[in-house]
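[1] I'd like to go over a predicted model; first the sequence, then the structure.
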Amino acid sequence: MIAEMDLNRGRSVGIESLRDTIAELRGQAGVTEKNFKDSWLNKIKLSKEVIPAGWYAPPPDGVSVLSATPDNSDRLNYTSLRSPENWPSDRQIEWKNAIMMAYCCPIDRKSGLAGDVAVTMYFGKEKKIIDYYHKAKSVYEELLHSISLKDTSSEVVERADELFRKNGLKSYVSSITDKASYNIGHTIPKLDPHLLRDEVSELQREECRLQRRFLNYVDEWQIAGDKQFSIEPQLRSEMDETLPKLTFHSIVYVRGSKLLIPADAEDLYFGGRI
């Protein structure tokens, strides 16, 4: 991977504000998923470069925060963040051993690009969870490194699933607008910046939803043919069902004859601790 590059300002703002929110709230008693979501959203709003409540809504404001602990991680086994049961709740975050999935999707006003952020973070110290996270992270990074401009979308998915199988993992990702039942990412939606206002309209949200091409076994497109696309598996252990689902999310950028994959969220995987 290369060093962080600001190629998608909406994503950069989402990540920077998430770091600030963790720094402010981590360890505080009584912080709920809703509290964390509201604080994060307010920090995103401090940037005049983005539309904070982005394209993927519901969840309300295009932001979701789900928290759990290793002994009960069912909260992280979501199918779609659009479902009300997967919106931020009054559940309190147990910081000493918390696992948290955080998602936002601000729109960059200048480019019109969606800037999705989706990351599972572990704040505890259980060796079993840390080792599992490092293994899943290593497999995910191996997949990222393997992507080539010569690839087609289905070749990337096939390679991903083979890697996951070899390492006792399986990804669970679906979308209501994907004609396949399974994918591991999609092209990044882009709105006309001249038509952007202070909020994204429902018509613009629908434009984003329908604009995406998915990395699945049904669509077939050349990796070199798009400017930005996401790789976002949601990984679970096939060997131990008690281990939590881990969401990873990176944006891959096509720049001429190169693929750029900034390591822009790695410090968040363990809440900035590891």
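    Thanks, I have it.

[2] Going by C-alpha atoms from here, please, whenever you check contacts or count neighbours.
    Will do.

[3] Tell me if I am right that residue 101 is in a helix.
    No - according to DSSP: H, G, I helix; E, B strand; the rest coil, residue 101 belongs to no helix; its state is strand.

[4] okay but it is in contact with residue 248, surely?
    No - Residue 101 is beyond contact range of residue 248, at 9.7 Å (criterion: C-alpha atoms under 8 Å).

[5] residues bridging contact with the two, i.e. touching both?
    Counting by C-alpha atoms under 8 Å, 6 or more residues apart in numbering, the shared contacts of residue 101 and residue 248 are 118-120.

[6] filter those to the buried ones?
    With burial judged by 16 or more other C-alpha atoms under 10 Å, the buried subset of these is 118-120.

[7] Reformat the shared contacts of residue 101 and residue 248 as CSV; add secondary structure.
    As requested, the shared contacts of residue 101 and residue 248 are exported to CSV (three-state DSSP):
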residue, secondary structure
118, strand
119, strand
120, strand
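
[8] which one among these gets closest to residue 32?
    residue 120 (16.5 Å; C-alpha to C-alpha).

[9] So the spatially closest residue to the closest one that is not a sequence neighbour versus residue 66, what's the distance?
    The spatially closest residue to residue 120, leaving aside those adjacent along the chain, is residue 101, at 4.2 Å (C-alpha to C-alpha, 6 or more residues apart in numbering). Distance of residue 101 to residue 66, computed by C-alpha to C-alpha, to the nearest Å: 5 Å.

[10] Which one of these two is surrounded by more residues?
    residue 66 (27 against 22; other C-alpha atoms under 10 Å).

[11] all strands of the protein, in order?
    Counting by DSSP state E, the segments of the chain that form strands are 50-51, 64-68, 99-104, 107-108, 117-122, 169-171, 228-231, 234-237, 246-247, 250-255, 258-260.

[12] so where do the helices sit in the stretch 101-250 of the chain?
    127-146, 153-166, 202-211 (DSSP state H, counting those that start in this stretch).
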